[in-house]
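K.L.:
Quick one, fold the following:
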Amino acid sequence: MNISFEKKIFLGFIINIIVVVAAAWIFLIRLDPAHDTTMDSQLNAIEISLFVLSILLLIVVYFIIRTQFKAKERAQKLLEENKQLLQSIIDNTSSPIFIKKLNGEYLLINKNFGDLFGTTNEKIIGKTDHDFLPKEIAETYRNSDLEVAKKLTELKSEETIEQKDGIHTYIAVKYPLYDATGRIYAIGGISTDITERKKLEDSLKATDAFFNMSFDIFTVAKNDHFIKINAAFTNTLGYTQKDMDEIKFMDLTHPEDRSTSDEVLAEIRKGKTVISFKNRVRHKDGSYRWLDWNSNIDLKEGIIYSAARDITETVELSIEQQKAVDELYENEEKLRVIVENIGEGVIVADADKKVILANYVANDIFGIEEDDKIPTDLTTHFELYFPDEKTVFPAQNLPMERAFNGEVTDDVDLVLWNPVSQEKRRVLISGRPLIDQDNNIVAAVITIKDISQYKKMEEELEETETKYRKLIGFKSEKKESKEKDDDKDKKPL
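P.N.:
Reported below is the predicted structural model:
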């Protein structure tokens, strides 16, 4: 059975009182003249025994007190060691830590807390927040302390503190501390610097905002699934994130593009960056959309990051344009065949007055094989005359020039003289403007009909006719006309 130190002292005190009372009683008996002297020897023995007992009790009490003091010293030393150990532990944490009394006085802080507020544990003990903080901040801290003491529960709050390198954000946690009886006696607190995490969160928020607000498709893929898609993906293809959690992204690829897409995916998984890969992806409604992909991979995590753009309209427009080009080419070939089989020279010039088409007859007239080398201004290659072969034909009246002015001309008769080859051609030139839907002249077409042979044949036919008329006695039309005029002159008035 263990007896406490206080009980031991109390028991010794009672025994000593009894000894003193007994000694006093014996002393009073001795003072009585009528006492029995025969008992003196017994009383002396009792008195000596009580004295010895008192001495023994004092010795015992001394040793008890001494032992207790040593135990207390050891406890104090152990307490101090534990306190130093605790201080050492909390001083080596990166978070500010404090303990306050219920009245707001500080009992303990760690080094980080002291560095944060420019104080030390020795200086701050016994002080309150009002002693070293601005009033407004001190009141805020005090109110949160009182709330913890009132509700007897943990309190978390976000606090900002101005430091040398700028404003830092902390998550402060305050909690009640209880004594052995279960009564609250202090408020403990620990703060964690979340400045970098806050910046990262803000950055992630900005990234998420960009991710979700972008008009381009953004995807994050792992293990054949899109683990994250943005709003543009949903708007373009109709699938939600929940849909994509259950669908392998390659299952959406057009069957005709699957083989190529598998090859590209294999290259990506080897670490290759893929730029501008185009394939067709199935919409939720069953149709297909053309997407232009740019993809990269984090090999360590096995995550594929991709950006894509819907190019369906562009591809369809390109297909339509190619179809139109093919049709235009086909029509152009048909036109060329037709033009080449026309017996007249045909020249087509664009709005810049550059020849874009000429048939072989036109090439032969100009003596130039390359169509684009043929000039639209005939005066640069020929000398132009009226049919009398003496009067110069004005260049501004040429059918090509008039066609660019919006005029239509038919069978303009003139003579082309080539000073280089010393050749003369009698031609009929017609011109037409080509007008678009906006009533703009976009080109001009002229036809050149070489009538030199016809004119030569006419002259030869006329000479033959005159010759045979003479042989059979017919007068020429000119001679008959002259004789008629002479007869008129001879008639009397």
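K.L.:
What are the buried residues along stretch 441-448?
P.N.:
Residues 443-448 are the ones in stretch 441-448 that count as buried (16 or more other Cβ atoms under 10 Å). Placement of C-beta: from N, CA and C, glycine included.
K.L.:
whoops, stretch 352-367 was the one
P.N.:
Those buried within stretch 352-367 under the rule 16+ other Cβ under 10 Å are 355, 357-359, 361-363, 365-366.
K.L.:
any idea which of those residues is closest to residue 402?
P.N.:
Relative to residue 402, the closest of these is residue 355; by Cβ to Cβ it sits at 16.9 Å.
K.L.:
What's the local residue count around the residue nearest to the closest one when sequence neighbours are not counted?
P.N.:
Nearest residue to residue 355, sequence neighbours excluded (Cβ to Cβ, 6 or more residues apart in numbering): residue 374, at 4.6 Å. Residue 374 has 22 neighbours, counted by other Cβ atoms under 10 Å.
K.L.:
who's in contact with residue 315?
P.N.:
Residue 315 makes contacts with 278, 290, as judged by Cβ atoms under 8 Å, 6 or more residues apart in numbering.
K.L.:
Next, it: secondary structure please.
P.N.:
For residue 315, the assignment made with DSSP: H, G, I helix; E, B strand; the rest coil gives helix.
K.L.:
Just the ones of the buried residues of stretch 441-448 in strands?
P.N.:
443-448 (DSSP state E).
K.L.:
What is the nearest of the residues you listed to residue 395?
P.N.:
Taking Cβ to Cβ as the measure, residue 395 lies nearest residue 446 of these, at 13.6 Å.
K.L.:
any idea how far that closest one lies from residue 126?
P.N.:
Between residue 446 and residue 126 the computed distance is 112 Å (Cβ to Cβ, to the nearest Å).
K.L.:
which residues of the stretch 51-200 of the chain fall in helices?
P.N.:
111-117, 121-124, 135-151, 195-213 (DSSP state H, counting those that start in this stretch).
K.L.:
Any buried residues in the last one, and which?
P.N.:
Right, the one you point to is helix 195-213. So, applying 16+ other Cβ under 10 Å, buried residues of helix 195-213: 195, 198, 211.
K.L.:
go on, the first one?
P.N.:
Of the residues in helix 111-117, those with enough neighbours to count as buried (16+ other Cβ under 10 Å) are 111-114, 116.
K.L.:
helices or strands up against it?
P.N.:
Under the contact criterion of 3 or more Cβ pairs under 8 Å, 6 or more residues apart in numbering; DSSP states H and E, helix 111-117 touches helix 40-91, strand 97-101, helix 121-124.
K.L.:
Residue 229 - how many residues pack around it?
P.N.:
Residue 229, neighbours per other Cβ under 10 Å, totals 24.
K.L.:
Ok, the one 4 residues further on next?
P.N.:
Taking other Cβ under 10 Å as the neighbour definition, residue 233 ends up with a count of 24.
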